[in-house]
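In: Give me a model of this one.
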Amino acid sequence: MDMSMQNTEGMERMEVRTGLQYRAAEIIVKAENPGNEEQQAQDGQDVSPSFECYFSSEAPVQDRMMWDATNGDIVFGTEILLHGNDNVDLSWLSSGRAPFLKDHDQEEQVGVITGCELDLSARACKLTGIKFSRSEGGCELKQDVIDGIRKNVSVGYVIQELVEAERGVYHVTKWKPYEVSSVSIPADEGVGFRSAERSFSTVVYRRPLTAQTQTINKERDMDPITENSGNMNPAPVVVETENIASQIAAQAEAARHLCPKSGELAARAIAEGISPKEFYERHLAPAIVAEQERQATVQIGLTAKDKQRFSLVKLVRHLSGDSVDAKYELDVCDAYCSARGISSQRGGAIIPHEAIPMSSRAAIISSGTGAGVVEEIHSGEVIEYLREQAVLARAGARFISGLVGKYDMARVGVGTSAYWVGEKNESGNDITTSAMDLDLLQFTLKTVGVNQGITRQMLKQTSMDVEGIVRGDIFASLADAIDLAGLAGTGSGNNQPTGLIGTSGVGSETLASANSPAWSDVVNMETAVAEAKALRGSLAYIAHPTLIGTMKQTLKASGVPGFVAENGQVNGYSLFSSNNAIASSVKRIIFGNFAELMVGLWGGIEVVADPYTYSRKGIVSVTAFQDVDVQLRHPASFVASANPA
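Out: Residues are numbered from 1 along each chain as shown. Predicted coordinates:
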């Protein structure tokens, strides 16, 4: 199949900076006029040998560094040099002026390239002549080549255009040989470009990145990544390659859109000689989280004084048609929307989280084993308040704010296995290549709205206490809605996130007695989490108040002092109360590592004021909208109770 022409329709076009790529070759020494060289020399015939070599083909080179983006991203992939008349530019090597260098040193030219041609039948490029310098260095090198001492050459070329033919497989559709060097050790083709002082512009046509999971499949020679389309629960990315270096490179490629620096991290990991599992845990996973922090943190640089100046009440008055100067508040909202590339779809205003300081804070640290340690991935005043109010956050759930569009988070499934091996060549001692399952946790926004009626007389007050009351009521309602969604959300059919209780993979413990968790029940729940290798992190209980009341009156066991729930704890783990711990009319108790529960928040808070619906009562209806989703990174980290049938 002729691959010279590539269809780039629907692909993402980008321009990147690249250095020289290298291909290794070997010089073939040929006698110009084979026969009696001594007699030919006496007759005045040229008996100097000629030099030629094939330096490129369409054979794929895997795990190659393709380009170095301006943001530090080093992209890996499989490179295939196309060899059609429209693909390769041999004008420079065929000009008779292209230098033949020693060890890629531009200051040490030892000859000149006298000919180069494209062999279409072999789909390869061939050097047809090298003329050595008569300098001392040129003569010495020429003799070493003739004697077979120094036969390796490294050919550097510039990539002008790349087309991603398959996920991670790049066809070089336009390229130009740039230099040829005699080297003692040829450049490693797996290393790829050298980011030196010279850099070149390269056009890249890349397949659109989707939220669908990809699979690197070793059953085919070129390890293509097959996409799983149209599936809301995609199959995991399975990286399965022949050696540690290529496993790491493949992991980096699979995670490239989650972490722009994954290629660079892979190169370092390969140099360090660490395992694929260590690479993921020590380098790739933390880098993905850091990149998500960076992407989520879009602020407009408000100072503490700016935040205090922002008035939610004044903005609501303006939106309700009142003649009040809210220019500052509108400017803040406009600046945030411009930075995020968003706009209000309901005729209101979108307020950045950082613009709304809350007047009071409560400590979130609880005493005892497994106390909830709240980890947030974006600091914002409203986020802190929501954390204080939301039971999920106090138990250890993580908030990720400032999201735009679709958001994916990588999670690892089956880790790399360890094997014991014997001496080389002993039967049955081959190391089995294990698979690292990289799954994408997909966040899809759902919108929650809370409504509050505010009298016109109240809106006209300038007291900061009134400002605090308005803010507090709105955001307390948002916090409660997030708790409900995270614990017992019914799913997309009702425009809600799927809550913890309804998530597939969460463990279940049937209580010995309905609505009355016994000591044996909670021990069984903790054991189930431990057996799932998840007894770590922010371990805690969340239970309905009815069940907590029962546990406070239930002895651990007959004749044993102490109750199932004491001093805000169960068996040393923090216990939190929530009226939202109920699903299908069944009150629940839940145990698990709540750091694995992720709350995603998009954009800011959209506020809409309706002065008409309750105008006869002198009330302005204020609705605040927040886009939210809730996901569990590892459902097996949780167990929820169920009543006996």
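
In: per-residue pLDDT, residue 380?
Out: With respect to pLDDT, residue 380 scores 41.

In: I meant residue 614, not that one.
Out: 88.

In: For the nearest residue to it once chain neighbours are set aside, list the residues it contacts.
Out: Distances taken as CB to CB, 6 or more residues apart in numbering put residue 621 closest to residue 614, at 5.8 Å, once the chain neighbours are dropped. For the C-beta atoms, the positions are set from N, CA and C on the backbone; glycine is no exception. By CB atoms under 8 Å, 6 or more residues apart in numbering, residue 621 lies in contact with 451-453, 609-611, 613-614.

In: for residue 89, same thing?
Out: Residue 89 is in contact with 160, 174-177, counting by CB under 8 Å, 6+ apart.

In: switch to 7 Å and redo it
Out: Counting by CB atoms under 7 Å, 6 or more residues apart in numbering, residue 89 makes contact with residue 176.

In: how many neighbours does residue 516 have?
Out: 16 (other CB atoms under 10 Å).

In: wait, isn't it in contact with residue 550?
Out: Yes. With contact defined as CB atoms under 7 Å, residue 516 reaches residue 550; the gap is 4.8 Å.

In: Which of the contacts of residue 621 has the largest number of neighbours?
Out: That'd be residue 609 among these, by other CB under 10 Å, with 22 neighbours.

In: continuing past the strand or helix carrying that residue, what's the next helix or strand?
Out: Of the helices and strands defined by DSSP states H and E, residue 609 is found in strand 597-610. Under the assignment DSSP H and E, the closest C-terminal helix or strand after strand 597-610 is strand 619-632.

In: any idea how far the next helix or strand after that following strand is from the chain center?
Out: Sequence order places strand 638-642 as the next helix or strand after strand 619-632, per DSSP H and E. Chain-centre distance of strand 638-642: 31 Å, with CA atoms, centre = their mean, to the nearest Å.

In: Can you check what angle separates strand 638-642 from strand 597-610?
Out: When axes from the mean of the first three to the mean of the last three CA atoms, to 10 degrees is applied, the directions of strand 638-642 and strand 597-610 differ by 70 degrees.

In: Summarise which helices and strands strand 638-642 is packed against.
Out: Applying 3 or more CB pairs under 7 Å, 6 or more residues apart in numbering; DSSP states H and E, one finds that strand 638-642 makes contact with strand 507-510, helix 519-531, strand 589-593.

In: What residues of the shortest one count as buried?
Out: Going by neighbour count (16 or more other CB atoms under 10 Å), the buried part of strand 507-510 is 507, 509.

In: Could you name the helices and strands sitting against that strand?
Out: Secondary elements touching strand 507-510 (3+ CB pairs under 7 Å, 6+ apart): helix 519-531, strand 638-642.

In: Using a markdown table, lay out those together with mean neighbour count, distance to residue 447 and mean pLDDT.
Out: Listed next are the helices and strands packed on strand 507-510 as a markdown table, based on neighbours: other CB atoms under 10 Å; distance: least, CB to CB, whole Å; pLDDT from 0 to 100:
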| stretch | mean neighbour count | distance to residue 447 | mean pLDDT |
| --- | --- | --- | --- |
| helix 519-531 | 18 | 33 | 95 |
| strand 638-642 | 23 | 26 | 96 |
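
In: Out of these, which is closest to residue 409?
Out: strand 638-642 (17.1 Å; CB to CB).

In: ok, that closest one: who's next to it in the sheet?
Out: strand 507-510 (parallel), strand 589-593 (antiparallel) (DSSP bridges).

In: Just the buried residues of the longest helix along the chain, please?
Out: When the chain is scanned for its longest helix (criterion: DSSP state H), the result is helix 464-488. For helix 464-488, a neighbour-count test (16+ other CB under 10 Å) marks 467-471, 474-488 as buried.

In: quick one: low-confidence parts of the stretch 351-500 of the chain?
Out: 357-389, 404-406, 410-440, 462-464, 492 (pLDDT under 70).

In: How is this structure divided into domains?
Out: 12-206, 214-296+410-440 (automatic domain parsing).

In: Could you identify which of the ones you listed has the lowest mean pLDDT?
Out: domain 214-296+410-440 (a mean of 58).

In: which strands and helices sit next to the strand holding residue 609?
Out: helix 312-319, strand 349-351, strand 398-403, helix 464-488, strand 619-632.

In: out of the ones you listed, which comes closest to residue 567?
Out: Across the helices and strands packed on strand 597-610, closest to residue 567 is helix 464-488 (CB to CB), at 22.9 Å.

In: before we move on, back to that, can you tell which of the helices and strands packed on strand 507-510 is closest to residue 458?
Out: Comparing those by CB to CB, strand 638-642 comes nearest, at 41.7 Å.

In: Distance to residue 83 added to the helices and strands packed on strand 597-610, as TSV?
Out: Converted to TSV, the helices and strands packed on strand 597-610 look like this (distance: least, CB to CB, whole Å):
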stretch	distance to residue 83
helix 312-319	64
strand 349-351	54
strand 398-403	45
helix 464-488	57
strand 619-632	47
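
In: who wins for proximity to residue 122 among these?
Out: That would be strand 398-403 among the helices and strands packed on strand 597-610, by CB to CB, at 52.1 Å.

In: how about the closest one: buried residues?
Out: For strand 398-403, using 16+ other CB under 10 Å, the buried residues are 398-403.

In: quick one, strands of the stretch 151-300 of the chain?
Out: 152-166, 169-182, 200-206, 214-216, 225-227, 237-239 (DSSP state E, counting those that start in this stretch).

In: okay if I get those strands as JSON lines plus mean neighbour count?
Out: As requested, the strands of the stretch 151-300 of the chain are exported to JSON lines (neighbours: other CB atoms under 10 Å):
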{"stretch": "strand 152-166", "mean neighbour count": "21"}
{"stretch": "strand 169-182", "mean neighbour count": "22"}
{"stretch": "strand 200-206", "mean neighbour count": "18"}
{"stretch": "strand 214-216", "mean neighbour count": "23"}
{"stretch": "strand 225-227", "mean neighbour count": "16"}
{"stretch": "strand 237-239", "mean neighbour count": "25"}
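
In: picking up where we left off before, please dump the strands paired with strand 638-642 into a markdown table; it should also carry mean pLDDT and distance to residue 565 for every row.
Out: Formatted as a markdown table, the strands paired with strand 638-642 follow (pLDDT from 0 to 100; distance: least, CB to CB, whole Å):
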| stretch | mean pLDDT | distance to residue 565 |
| --- | --- | --- |
| strand 507-510 | 96 | 16 |
| strand 589-593 | 96 | 10 |
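
In: between those strands, which gets nearest to residue 250?
Out: strand 589-593 (29.2 Å).

In: Perfect, that will be all.
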